[in-house]
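Novice: Got a predicted model here, sequence first, then my questions.
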Amino acid sequence: MSDNKKSKDLRAMSEADLAERMDELAAEHMKLRFQKATMQLNNTARVGTVRREIARIKTILAERS
């Protein structure tokens, strides 16, 4: 899925859905950070992907308020 499509899909979501998705991503980000610290992380690129998606959601929420 391209970045533009992700942004388009996120913009179609309600604020409550975006907040819920951000909570899920924050929990996943913490889990990935712990895996990285304990040398158990296989897909290191996922950390950056999660961070970018959190940033997209924060940007969309800021634009709406």
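Specialist: Looks like it came in fine. Numbering: from 1, shown residues only.

Novice: Show me where this structure dips below the pLDDT cut-off.
Specialist: Applying pLDDT under 70 to the chain flags residues 1-5.

Novice: which residues in it form helices?
Specialist: Assignment of helices within the chain using DSSP state H yields the ranges 3-11, 15-37, 45-64.

Novice: For these, give me a markdown table that also has mean neighbour count.
Specialist: Glycine gets a C-beta too; all of them are placed from N, C-alpha and C. Listed next are the helices of the chain as a markdown table, based on neighbours: other C-beta atoms under 10 Å:
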| stretch | mean neighbour count |
| --- | --- |
| helix 3-11 | 12 |
| helix 15-37 | 13 |
| helix 45-64 | 14 |
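
Novice: For residue 9, give me its contacts.
Specialist: With C-beta atoms under 8 Å, 6 or more residues apart in numbering as the criterion, no residue contacts residue 9.

Novice: Any figure for the gap between it and residue 41?
Specialist: For residue 9, the distance to residue 41 equals 26 Å [C-beta to C-beta, to the nearest Å].

Novice: which residues are in contact with stretch 45-58?
Specialist: When contacts are defined by C-beta under 8 Å, 6+ apart, stretch 45-58 is touched by residues 6-7, 10, 18, 21-22, 25-26, 28-29, 32-33, 36, 41.

Novice: now those residues in a markdown table, with distance to residue 53?
Specialist: Shown next, in a markdown table, are the contacts of stretch 45-58 (distance: C-beta to C-beta, whole Å):
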| residue | distance to residue 53 |
| --- | --- |
| 6 | 7 |
| 7 | 10 |
| 10 | 8 |
| 18 | 11 |
| 21 | 8 |
| 22 | 9 |
| 25 | 6 |
| 26 | 11 |
| 28 | 10 |
| 29 | 9 |
| 32 | 12 |
| 33 | 15 |
| 36 | 17 |
| 41 | 17 |
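
Novice: what about residue 13, distance to residue 55?
Specialist: Remark: distance between residue 13 and residue 55 (C-beta to C-beta) = 16 Å.
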